[in-house]
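Quick one: sequence plus predicted model below, questions after.
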Amino acid sequence: MPMIALCDCNNFFVSCERIYRPALIGKPVVVLSSNDGCIVSRSDEAKAMGIPMGEPYFRIEPLLRARGVIVCSGNLAMYKEVSSKVMRLLSGFTDKMEEYSIDEAFLDFGIAAREPLECASEIRRKVGRWVGIPVSIGLAATKTLSKLASDKAKKSEGGVFQITACSAKGVLDSTPVEEVWGIGRKSAAMLGRWGIFTAGDFARKDPLWVRKMMTVRGLMTQSELSGQPCLPLVTAPLPPKSIQVSRTWGSPLESFDDVRCAVMENVISAGQSLRKCRLAAGAMEVFIRHGYRHSGECGYFADSVRFGNPILSDAELVHEAMRMLGKIYSPGRRYTQGGVTLRDFCESSSRQRELWEDSAYERRAKHERLSRAVDMINERLGGLAIYPAALAAKDKKWRPRVKHLHAEPTVLNL
Ligand SMILES: [Mg+2]
């Protein structure tokens, strides 16, 4: 029988903060979404106090303060770096792995010679010691069952839980159907009306009925619950159709210089993603918005361009974006949001060389080498260690509000 493991990092964002601030270990901690909007991660201690997930910060701030909960502004760049360390470590345990989200991965152990429980304990030990992140691991024959097993693992002592062919019935009968991966709130309500309350009830229902009421996707979930794998691991991520980077700015911007720098940051970040996927962009759109949608006057302005020969270097991307921005910006407005979209991709290696234009080709090749070198340095040092001089010496008031951000850590590579 195949063996799928779901590795899930516990309270991931809080656990990341604790790597660099061990003083937070054992204390109630919450992490906020961008612009200090709402709670997106809670430590076990904060959960035990009944602090709800997703709660807007401004509403719960007095309570957090009264209960002595430590508040951290989210630092997504740091979480992504920790995530890639965890993923790299996990990939050493199998050659078939799906990165399901920033803090979760499915591992196919195949028909491994080793005891899967032993393997899971080793993963927990290594990720805990080498990266400093606690993980829970669910083991079962299918993705849907291993997801369920990992929920049980979170509540179990050793952090590992296995669902076997023998134990499946007991587990499913004690699990509410809405806790099954792939069954949404609406389906669960519908199932309830038909007297289906547990995962076990659902697994035993006539497959034809399931197919009629919940389409093929529902049928797949049902088969997976009975140990028949239907959802293969998505091991190679599909190349994106477009890359969009946009931000709501921390405070409104008026001068062209501020808007230009804010959008430039987005273009640079989009360029990094583009080159990481080894793509070049055949089209680009830039937009800015002024005012706030829910209050008074607001407006949206955009411009787009197609490139005869797709581009990928920061120099070219920034040049084109700034040219378009000059057309859509007008003074006297308070801009609150802006961004860039890249699309119409082709593989960067498959572009045609314009033979008749040698000097332009040389210039372009030089820009591309430079961008790749900058990417390499930034990847190694973390964040934007190198950035265009135009962005230096700015007060960067477009950056999101992060009142509780702590000194940016230097992440060392393993
Ligand atoms: Mg998690």
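On my side now, so go ahead. Residues are numbered from 1 along each chain as shown.

show me what contacts residue 271?
312-314, 317-318, 371 (C-beta atoms under 8 Å, 6 or more residues apart in numbering). Bear in mind the C-beta positions are built from the backbone N, C-alpha and C, glycine included.

so which strand or helix has it?
Element membership of residue 271, judged by DSSP states H and E, is helix 256-276.

Also residue 39?
Per DSSP H and E: strand 39-42 holds residue 39.

which strands and helices sit next to that strand?
If contacts are counted by 3 or more C-beta pairs under 8 Å, 6 or more residues apart in numbering; DSSP states H and E, strand 39-42 sits against helix 12-20, strand 29-32.

Identify the residues contacting the longest one?
Applying C-beta under 8 Å, 6+ apart, the set of residues contacting helix 12-20 from outside is 9, 24-25, 29-31, 40-43, 46, 72, 74-75, 78-79, 82-83, 102-103, 131-134, 406, 409.

Ok, stretch 331-342 next?
242-249, 252-254, 256, 259, 262-263, 266-267, 270, 274, 281, 283-292, 298-299, 317, 321, 329.

what is the rounded mean pLDDT of the strand holding residue 39?
For strand 39-42, mean pLDDT is 96.

So which of the contacts of residue 271 sit within strands?
Nothing among these maps onto strands, per DSSP state E.

Format those residues as TSV; extra columns: distance to the ion, pLDDT and neighbour count.
Below are these laid out as TSV (distance: C-beta to the ion, whole Å; pLDDT from 0 to 100; neighbours: other C-beta atoms under 10 Å):
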residue	distance to the ion	pLDDT	neighbour count
312	34	94	24
313	37	95	23
314	34	94	24
317	34	96	24
318	36	96	19
371	34	93	21
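
Could you pull up the residues touching residue 156?
For residue 156, the contact set (C-beta under 8 Å, 6+ apart) is empty.

So for it, what's the pLDDT?
At residue 156, pLDDT is 89.

Just confirm residue 110 is within a helix.
No: counting by DSSP: H, G, I helix; E, B strand; the rest coil, residue 110 is not found in a helix; it is coil.

just to revisit the earlier point, which one among the contacts of residue 271 gets closest to residue 202?
Set against residue 202, the nearest of those by C-beta to C-beta is residue 312 (48.0 Å).

Pretty sure that closest one sits against residue 273.
No: the criterion here is C-beta atoms under 8 Å, and residue 312 misses it with residue 273 at 10.8 Å.

what's around residue 228, how many residues?
12 (other C-beta atoms under 10 Å).

Contacts only, for the residue nearest to it when sequence neighbours are not counted.
Closest residue in space to residue 228, ignoring its immediate chain neighbours: residue 142 at 7.0 Å, by C-beta to C-beta, 6 or more residues apart in numbering. Applying C-beta under 8 Å, 6+ apart, we find residue 142 in contact with 4, 224-225, 227-231.

Send me the helix or strand encompassing residue 86 as CSV with only the CA atoms.
Residue 86 belongs to helix 76-91 when assigned by DSSP H and E. C-alpha atoms of helix 76-91 as CSV (Å, rounded to 0.1, in the frame of the first residue of the first chain):
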residue,chain,number,x,y,z
LEU,A,76,6.3,37.2,4.9
ALA,A,77,9.8,37.5,3.3
MET,A,78,11.2,35.8,6.4
TYR,A,79,8.5,33.2,6.6
LYS,A,80,9.2,32.3,2.9
GLU,A,81,12.8,31.8,3.6
VAL,A,82,12.2,29.5,6.6
SER,A,83,9.6,27.6,4.5
SER,A,84,12.1,27.0,1.7
LYS,A,85,14.6,25.6,4.3
VAL,A,86,11.9,23.2,5.7
MET,A,87,10.9,22.2,2.1
ARG,A,88,14.5,21.5,1.2
LEU,A,89,15.0,19.3,4.2
LEU,A,90,11.7,17.4,3.6
SER,A,91,12.7,16.8,-0.1
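
CA atoms of the one helix or strand residue 374 maps to as CSV?
According to DSSP H and E, residue 374 maps onto helix 358-381. C-alpha atoms of helix 358-381 as CSV (Å, rounded to 0.1, in the frame of the first residue of the first chain):
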residue,chain,number,x,y,z
ASP,A,358,23.7,43.3,-32.5
SER,A,359,24.2,46.3,-30.2
ALA,A,360,20.7,46.0,-28.8
TYR,A,361,21.2,42.3,-28.2
GLU,A,362,24.5,42.9,-26.4
ARG,A,363,22.9,45.6,-24.2
ARG,A,364,20.0,43.3,-23.4
ALA,A,365,22.3,40.3,-22.6
LYS,A,366,24.3,42.5,-20.2
HIS,A,367,21.1,43.7,-18.4
GLU,A,368,20.0,40.1,-18.0
ARG,A,369,23.3,38.9,-16.6
LEU,A,370,23.2,41.8,-14.1
SER,A,371,19.7,40.9,-13.0
ARG,A,372,20.6,37.3,-12.5
ALA,A,373,23.7,38.2,-10.5
VAL,A,374,21.5,40.5,-8.3
ASP,A,375,19.0,37.7,-7.8
MET,A,376,21.7,35.4,-6.7
ILE,A,377,23.1,37.8,-4.1
ASN,A,378,19.6,38.7,-2.8
GLU,A,379,18.7,35.1,-2.5
ARG,A,380,21.8,34.3,-0.6
LEU,A,381,21.6,37.3,1.7
